[in-house]
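sequence unknown, structure follows:
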């Protein structure tokens, strides 16, 4: 796949994953990399931004004598997710009209 | 342990961040390295890049974000030229660190460098012109004073003209300040555009399966 993901779509995908369950940094990165080739170093800026927008919150849990920071979606994050979903469907339809079906 | 060395080096490159921000970044990557089971420095570098590369990416992101915050929404503070210059510099460093094709990197840096040189040249010109105004103004004023005994009318012409030119220089000062600021702002915006356009998308495209 050679099409890059936009910031908004990446936000949406992260929020969508978090709407199903809470993740910590490493597993969340793994899950995102299953569908998009984002680099390991891009996840931190994304999570930091989403937290700053209050779309997600964090909590710490002890794991083998250290902390694991979990990310949890907020109500505002769920609202944002719906917005991005709508934008995406609109965009997808438009592009399908231009590009047509599978070649 | 090898990861301590990596984190230590990363810490040293993040001295510009506040301690809260720095701790947050370091916690994240520390945790990531442990969870990913990366033990040797080579493994860590293979995933995250060298501490220097990672720090540049983090810093460029912080800097770009700060300017974005300033321009969008509630204007909490105006982006300062100094901050913009720092951002242009960070973007250049981030481009160097990014795994994009070297010719493209050179082209992008060349473009930014060209712009910067152009902007600097314009700033230098404005500076020289204003100095010229002041110099001519002062020179004419004193020449006028010197010949006041010989020819009253010529003296008045020189003194008046000198003062007027000096005044023009004073008027030009704030105007040129605004122009210079706008030029730097434009260069910064353009660098940011290049960063977003090429570095971010190339990063993802390169690792495509």
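Structure received. Quick caveat, the model's predicted, so the values are computed rather than measured. Numbering: from 1, shown residues only, chains lettered A, B, ... in the order given.

how deep is the closest residue to residue B:24 other than its chain neighbours tucked in, by neighbour count?
Using CB to CB, 6 or more residues apart in numbering or on different chains and skipping residues adjacent in sequence, the residue nearest residue B:24 is residue A:48, 7.3 Å away. All C-beta spots, glycine's among them, are computed from the backbone N, C-alpha and C. Residues lying near residue A:48 (other CB atoms under 10 Å in any protein chain shown) number 18.

tell me the contacts of the residue of chain A found nearest chain B?
Per CB to the nearest CB, residue A:26 is where chain A lies closest to chain B, at 3.4 Å. Shown in contact with residue A:26 (CB atoms under 8 Å, 6 or more residues apart in numbering or on different chains): B:31, B:32, B:35, B:36.

centroid-nearest residue for chain B?
residue B:85 (1.4 Å; CA atoms, centre = their mean).

and if you look at chain A?
Central residue of chain A (CA atoms, centre = their mean): residue A:14, at 1.3 Å.

quick one on the thing from earlier: and the pLDDT at the residue of chain A closest to chain B?
As predicted, residue A:26 sits at a pLDDT of 93.

does any bit of the helix or strand where residue A:71 lies sit next to chain B?
Element membership for residue A:71 (DSSP states H and E) is strand A:66-73. Yes. Residues of strand A:66-73 contacting chain B under CB under 8 Å from any CB of the partner chain: A:66, A:67, A:68, A:69.

which secondary structure element is home to the residue of chain A closest to chain B?
Here residue A:26 is assigned to helix A:25-33, by DSSP H and E.

ranges for the strands of chain A?
Counting by DSSP state E, chain A has these strands, from start to end: A:23-24, A:56-63, A:66-73.

make JSON lines out of those strands and add distance to residue B:130 and mean neighbour count.
Shown next, in JSON lines, are those (distance: least, CB to CB, whole Å; neighbours: other CB atoms under 10 Å in any protein chain shown):
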{"stretch": "strand A:23-24", "distance to residue B:130": "58", "mean neighbour count": "20"}
{"stretch": "strand A:56-63", "distance to residue B:130": "52", "mean neighbour count": "13"}
{"stretch": "strand A:66-73", "distance to residue B:130": "54", "mean neighbour count": "17"}
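
ok, which of these comes nearest residue B:195?
Of all the strands of chain A, strand A:56-63 sits nearest to residue B:195, with 24.9 Å by CB to CB.

by contact count, what packs against the closest one?
Packing partners of strand A:56-63 (3 or more CB pairs under 8 Å, 6 or more residues apart in numbering or on different chains; DSSP states H and E): helix A:43-52, strand A:66-73.

need the ones you listed in TSV with mean pLDDT, can you?
Converted to TSV, the helices and strands packed on strand A:56-63 look like this (pLDDT from 0 to 100):
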stretch	mean pLDDT
helix A:43-52	90
strand A:66-73	93
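
ok so, going back, which of the residues of strand A:66-73 next to chain B sit farthest apart?
So, the residues of strand A:66-73 next to chain B by CB to CB: farthest apart are A:66 and A:69, at 10.4 Å.

just the local confidence number for residue A:1, please.
56.

shaky segments in chain B?
B:1-2, B:62-82, B:99-101, B:199-209 (pLDDT under 70).

wait, isn't residue B:48 in contact with residue B:29?
Yes. Here residue B:48 lies in contact with residue B:29, judged by CB atoms under 8 Å, at a distance of 6.8 Å.

find residues that contact each of these two.
What both residue B:48 and residue B:29 touch, as defined by CB under 8 Å, 6+ apart, is the set residue B:54.

check contacts around residue A:35.
Taking CB under 8 Å, 6+ apart, one finds residue A:13 in contact with residue A:35.

what score does it have for pLDDT?
pLDDT, read off for residue A:35, is 87.

now it, what are its backbone angles?
Dihedral angles of residue A:35 (phi, psi; degrees, to the nearest 10) stand at phi -120, psi -10.

residue numbers of chain A in contact with chain B?
A:1-2, A:4-5, A:7, A:24-27, A:29, A:36-42, A:44-45, A:47-49, A:66-69.

10 Å instead?
A:1-7, A:10, A:24-30, A:33, A:36-49, A:51-52, A:58, A:60, A:63-64, A:66-69 (CB under 10 Å from any CB of the partner chain).

which of those are buried, as a PyMOL select command?
Buried members of these, defined by 16 or more other CB atoms under 10 Å in any protein chain shown, are picked up in PyMOL with:
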select buried, chain A and resi 4+5+10+24+25+26+27+28+29+36+37+38+39+40+41+42+43+44+45+46+47+48+49+51+68+69
